[in-house]
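**Q** missing the sequence, but the structure's below:
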Ligand SMILES: NC(=O)c1ccc[n+]([C@@H]2O[C@H](COP(=O)([O-])OP(=O)(O)OC[C@H]3O[C@@H](n4cnc5c(N)ncnc54)[C@H](OP(=O)(O)O)[C@@H]3O)[C@@H](O)[C@H]2O)c1
């Protein structure tokens, strides 16, 4: 799918500073990975994409992204990135190249969906958040959870330059303040404000089933659409701006429910 240009290219005077990251490594180049790659290229970053099947399968996407993009193996993308995004199904997190990611800030977009990922007992028991699980595998990296609570289409189309009245915010969580600051700068460059929701242990506040998860960023879908109409509606409907104050309100209101998101949880329910 060729997506239209996002609105992040117009830089405003309120842009705080250039992002420190110059190259974004991507492990996973599916719906979220390719949306982030497009936003990053539009923001002037280089991107190194990777997937499970090898760089040769990313030729079309790389050609579409232009000269700032190249494809590599996951370990090469990890080494090349000033910041690296891990955006694969959670069930494969144990195959993320931990040695190549040592010392790096790793952005975790992953969500736990047991029907896709299988069951993780520690997540089901509420002993760990999914990002804490990822951090345990990437023991020598600084994991920051971000970009997990917005669908891939709105992620791309709702990006706006700093200071835009309809700019949205996204939650970020992580244990390392410097890594979180790096990711906040990346969000800013890509078109989003950031709301710090705490540590990886706190990151359940943006997991599936919580108030800030996906729905606030989307318009309400009309009733009675056919499957084809629903697909078109999903792709074509603009996002709803969710400012930082609203993200804070929604994440503050969250009440911890099952990690698989099977219960929407808000204060008092
Ligand atoms: N879709 C959304 O709207 C959305 C929103 C927020 C968060 N998320 C979360 O973000 C993550 C990615 O979602 P997605 O929708 O982008 O998934 P996707 O479209 O299925 O893409 C997954 C990507 O991961 C790659 N991959 C799988 N195993 C890998 C491995 N061992 N090493 C390297 N790459 C590997 C796949 O490569 P191959 O194709 O070569 O296997 C593919 O490029 C998931 O955890 C999801 O829950 C998704």
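**A** Great, that's in hand. Bear in mind that the values here come from a model prediction, so they are computed numbers and not experimental data.
**Q** and the residue of the chain found nearest the ligand, how close does it get to residue 114?
**A** The minimum distance from the chain to the ligand, using Cβ to the nearest ligand atom, falls at residue 30 (1.9 Å). In this view, the C-beta of every residue, glycine as well, is placed from N, C-alpha and C. Residue 30 is 19 Å from residue 114, where distance means Cβ to Cβ, to the nearest Å.
**Q** how far does stretch 145-153 sit from the chain's center?
**A** How far stretch 145-153 lies from its chain's middle: 4 Å, per Cα atoms, centre = their mean, to the nearest Å.
**Q** touching the ligand at all, it?
**A** Yes. Legend: contact between stretch 145-153 and the ligand by Cβ under 6 Å from any ligand atom is shown at 148, 151, 152.
**Q** can you give the contact residues for that stretch?
**A** Stretch 145-153 has contacts (Cβ atoms under 8 Å, 6 or more residues apart in numbering) with 31-32, 35-36, 85, 87, 107-111, 129, 131, 155, 158, 168, 170-174, 183, 187, 194, 200, 203, 206-207, 210, 212-214, 217-218, 234-235, 239.
**Q** and the residues you listed, which are buried?
**A** Among the contacts of stretch 145-153, those classed as buried by 16 or more other Cβ atoms under 10 Å are 32, 35-36, 85, 87, 107-111, 129, 131, 155, 158, 168, 170-174, 183, 187, 194, 200, 203, 206-207, 210, 212-214, 217-218, 239.
**Q** name the spans of the stretch 151-269 of the chain whose pLDDT lies under the cut-off.
**A** For the stretch 151-269 of the chain, the stretches flagged by pLDDT under 70 are 263-269.
**Q** if we go to 80?
**A** In the predicted model of the stretch 151-269 of the chain, residues 260-269 satisfy pLDDT under 80.
**Q** interface residues of it facing the ligand?
**A** With Cβ under 6 Å from any ligand atom as the criterion, the stretch 151-269 of the chain meets the ligand at residues 151, 152.
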